[in-house]
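> Return atomic coordinates for the entry below.
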Amino acid sequence: SVYQRIRRNAFNPFLEAFDAPRPATTRGRRDVTNVPLQALTMLNDPFVIDQAAKWGALVVAEGASTEQRIGGMFLRAFGREISAGELRAAQEYLADLCREHGVPTGDVNQSVAVWQDFAQSVFCLKEFLYVH
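Now for the predicted structure:
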């Protein structure tokens with residue numbers, strides 16, 4: 001959002017949810033909040049859903065194993081390797097997503113909808129949202 005065009009009378013609602021400063025005022029320090037609106041924005045904003053769909057489609061097109069796909073997503077999102085515990089939790093979550101979408105577990109690697117939901121879940125993780 002550093003290079004995004006800002007209009008003083010038309011704020012970006014997505015960035016506003018995450019404490020973007022108002023362009024008409026000056027601030028010495030940016031507000032830091034953690035409110036339910038931010039979580040709801042990550043779950044319902046069309047931009048986030050669209051980005052998750054694009055990432056899900058890319059993951060399906062990769063043609064790698066489920067473990068490699070999960071590991072690759074963690075590497076891209078967090079810049080680190082996935083731990084064994086995180087991998088097990090992710091595999092269990094993917095199995096839940098398969099049941100939810102009516103996709104046989106063996107067909108998980110062909111389901112864009114499952115990987116889209118998984119990608120959106122990665123976007124919602126605290127490690128993705130907050131700079132440590």
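
> Next, find the distance separating Gln116 from Val48.
As judged by Cβ to Cβ, to the nearest Å, Gln116 and Val48 stand 11 Å apart. For the C-beta atoms, the positions are set from N, CA and C on the backbone; glycine is no exception.

> Repeat that for Val112.
Taking Cβ to Cβ as the measure, Val112 falls 16 Å from Val48.

> swap in Ile70?
Distance of Ile70 to Val48, computed by Cβ to Cβ: 20 Å.

> those helices in this structure, which residues are they?
13-17, 36-44, 46-62, 66-78, 84-101, 112-124, 126-129 (DSSP state H).

> Poorly predicted segments of this structure, please.
1-4, 6-10, 12-15, 17-35, 37-38, 131-132 (pLDDT under 70).

> now with 90?
1-48, 62-63, 105-106, 124-132 (pLDDT under 90).

> Provide a list of residues in contact with the closest residue to Asp107 other than its chain neighbours.
Among residues not flanking Asp107 along the chain, Cys98 sits closest, at 7.7 Å (Cβ to Cβ, 6 or more residues apart in numbering). Cys98 is in contact with 104-105, 107-108, 111, 114, counting by Cβ atoms under 8 Å, 6 or more residues apart in numbering.
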